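[1] structure for this input, please:
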Amino acid sequence: MTMRNRPRAGVVGLAAVALTATVLTGPARASGDTAARAAGHQGTQAAIEAAVAAGVPGVSAEARDAAGVWKTAAGVGNRETGAPRGKNDRFRTGSITNTFVATVLLQLEAERRINLDDPVERYLPGVVSGNGNDGTRITVRQLLNHTSGLFDYLADVPYYQTYTLGDSFLRHRYDTLTAQQRLQVAFSHAPLFQPGARHAFSHTNDVLAALIVQKVAGRPYEDEVRRRIIEPLELKSTSSPGTSSDLPRPSSRGYSKLFYDTQPERIDDVTELNGSQNWGDGDIISSAHDLNLFYRALLGGRLLPAQQLRELKTTVVNPDLPITSYGLGIEKLTMSCGDIWYHDGGVVGSLTLAAFTEDGRHELTFNYNGDWDASAILPILNAEFCDQTSG
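    Okay, the predicted model is just below:
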């Protein structure tokens, strides 16, 4: 499990945040129906408050289960004024955007307008090329399950330093970037491995997937997401920012340790950020409430026919962390009490995780308005899905 879009905060997956007792070796106290376990959410509340006590500015969360909807917030939404974090805050979802894009592509497949096993070249001729990158050898499916081998543009050191760190971020946060500019960075590098050889998450895959939606549908990917998902599900807090740098309200400020190497205790307000810098692979803005509605509808079969839902949940193992595997825009995690599905997302100033059972009937989505510490994420998940004291 890796917090996407934020390698610094985030090559923090399960390996880095302590694969220890909470998930892997904790007693399997909760085998059975997870939906029946979370009535009071006391353990989840305690774990969220512990994250704030450890330094996360604030947390906004919502759980849904057989007992109904539970919302909570802890910590501050504005460090300057002391205003509390809101239960209904909107935030940048980071790579949770990928699930929306994958859902649209699977719908297009069901409509026979695309074949996921076609080469990328068929839909984006000439785009994936140079330095050994070859769109004729990579399929659309390999983009979605991250087995393409394409270099992650965000792992390019000059790009990462320019757009996520220090004074450079503060100078460039309002820059408008195109998808082509980010792909050019990616394709200045050779592939990491041959297509299909293994799984390795790359934001480059997701930018290409969004471009394929546009090519096939003949309209911006944002319009397709709105028409096919946001409007039918009435996700009133979900939007695409375009080139706007603002967060719609209600929302909290977002914070980052931009100067962590030289000034590790300095915290900067990074709320304003041009949405184009994460277009297609991290730009969607939403709320915990809307994300829970989305994933419940998705896993419950409201958005995809049965065949496409099976494809969505067909996973490849992450060899770097074998207790996780990646499907088409969602991931699976093996915990002490069984498997849960999830997706996470990180962008400067924001970390988000949405987790849910396979039928989508027990869910927890939460967001941090700070991006430097993900160590409490596993305890929060464990409290909600495995610890009987949460229900």
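[2] from now on I want contacts and neighbour counts done on CA atoms only, so please keep to that.
    Fine.
[3] need phi/psi at Ala53.
    phi -60, psi -30 (degrees, to the nearest 10).
[4] for Lys313, the count of nearby residues, please.
    19 (other Cα atoms under 10 Å).
[5] what's the closest non-adjacent residue to it?
    Gly327 (5.2 Å; Cα to Cα, 6 or more residues apart in numbering).
[6] next one: Arg361
    Distances taken as Cα to Cα, 6+ apart place Asp65 nearest to Arg361, at 5.7 Å, with adjacent residues excluded.
[7] got the buried residues for stretch 255-270?
    Tyr255, Ser256, Lys257, Leu258, Ile267, Asp268, Asp269, Val270 (16 or more other Cα atoms under 10 Å).
[8] contacts only, for the fifth one.
    Listed by Cα atoms under 8 Å, 6 or more residues apart in numbering, the contact set of Ile267 reads Tyr255, Ser256, Lys257, Leu258.
[9] now secondary structure too, for those residues, in CSV please.
    Below are these laid out as CSV (DSSP: H, G, I helix; E, B strand; the rest coil):
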residue, secondary structure
Tyr255, strand
Ser256, strand
Lys257, coil
Leu258, coil
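[10] okay if I get these as CSV plus distance to Thr139?
    Formatted as CSV, the contacts of Ile267 follow (distance: Cα to Cα, whole Å):
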residue, distance to Thr139
Tyr255, 38
Ser256, 36
Lys257, 38
Leu258, 37
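[11] okay, helices next: where are they in the chain?
    For the chain, the helices defined by DSSP state H occupy 7-10, 42-53, 97-110, 120-123, 140-144, 157-164, 166-172, 179-186, 203-217, 221-225, 231-233, 288-299, 306-312, 377-385.
[12] show me what the longest one is packed against.
    I take that to be helix 203-217. The contact analysis (3 or more Cα pairs under 8 Å, 6 or more residues apart in numbering; DSSP states H and E) places helix 203-217 against helix 97-110, helix 120-123, helix 140-144, helix 179-186, helix 221-225.
[13] how about the strands in the stretch 1-150 of the chain?
    With DSSP state E, counting those that start in this stretch as the criterion, the stretch 1-150 of the chain has strands at 58-65, 68-75, 90-92, 129-130, 133-134.
[14] deepest-packed of the ones you listed, please.
    strand 90-92 (a mean of 30; mean count of other Cα atoms under 10 Å).
[15] run through who's touching it.
    Outside strand 90-92, the residues touching it (Cα under 8 Å, 6+ apart) are 237-238, 247-252, 282-288, 347, 350, 367.
[16] report the mean per-residue pLDDT for it.
    What strand 90-92 shows for mean pLDDT is 98.
[17] from the middle of its chain, how far away would that strand be?
    Strand 90-92 sits 12 Å away from the centroid of its parent chain (Cα atoms, centre = their mean, to the nearest Å).
[18] what is the nearest of the buried residues of stretch 255-270 to Lys215?
    Lys215 has its nearest neighbour among the buried residues of stretch 255-270 in Val270, at 33.0 Å by Cα to Cα.
[19] what's near enough to touch that closest one?
    Arg253, Gly254, Tyr255, Ser256, Val348, Gly349.
[20] tell me which two in those are the farthest apart.
    Farthest apart among the contacts of Val270 by Cα to Cα are Arg253 and Val348. That separation is 11.4 Å.
[21] ok, those two, which is more surrounded?
    Val348 (30 against 23).
[22] and the longest strand for the protein?
    Counting residues, the longest strand found in the chain (DSSP state E) is strand 338-347.
[23] so for that strand, mean pLDDT?
    In the prediction, strand 338-347 has an average pLDDT of 96.
[24] sorry, back to before: how about the helices of the chain in TSV, adding distance to Ala355 and mean pLDDT?
    Listed next are the helices of the chain as TSV, based on distance: least, Cα to Cα, whole Å; pLDDT from 0 to 100:
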stretch	distance to Ala355	mean pLDDT
helix 7-10	18	39
helix 42-53	13	97
helix 97-110	13	98
helix 120-123	30	98
helix 140-144	19	98
helix 157-164	27	97
helix 166-172	30	98
helix 179-186	29	98
helix 203-217	20	98
helix 221-225	21	98
helix 231-233	19	98
helix 288-299	9	98
helix 306-312	15	98
helix 377-385	8	95
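[25] out of those, the one nearest Gly132 is which?
    Of those, nearest to Gly132 by Cα to Cα is helix 179-186, at 11.6 Å.
[26] about what we covered before: run through the neighbouring helices and strands of the longest strand of the chain.
    In terms of contacts (3+ Cα pairs under 8 Å, 6+ apart), strand 338-347 is packed against strand 331-335, strand 350-356.
[27] okay, the ones you listed in CSV with distance to Leu116, mean pLDDT and mean neighbour count next?
    Below are these laid out as CSV (distance: least, Cα to Cα, whole Å; pLDDT from 0 to 100; neighbours: other Cα atoms under 10 Å):
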stretch, distance to Leu116, mean pLDDT, mean neighbour count
strand 331-335, 18, 95, 21
strand 350-356, 25, 98, 27
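[28] for Asp118, which of the ones you listed is the nearest?
    Short answer: strand 331-335, nearest of the helices and strands packed on strand 338-347 by Cα to Cα, at 22.9 Å.
[29] list the strands paired with the closest one, with their directions.
    strand 324-326 (antiparallel), strand 338-347 (antiparallel) (DSSP bridges).
[30] ok and the longest one relative to strand 350-356, angle-wise?
    What it means is strand 338-347. If you take axes from the mean of the first three to the mean of the last three Cα atoms, to 10 degrees, strand 338-347 sits at 160 degrees to strand 350-356.
[31] can I get the strands of the stretch 1-150 of the chain in CSV with distance to Leu321?
    Output for those, formatted as CSV (distance: least, Cα to Cα, whole Å):
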stretch, distance to Leu321
strand 58-65, 26
strand 68-75, 31
strand 90-92, 26
strand 129-130, 30
strand 133-134, 26
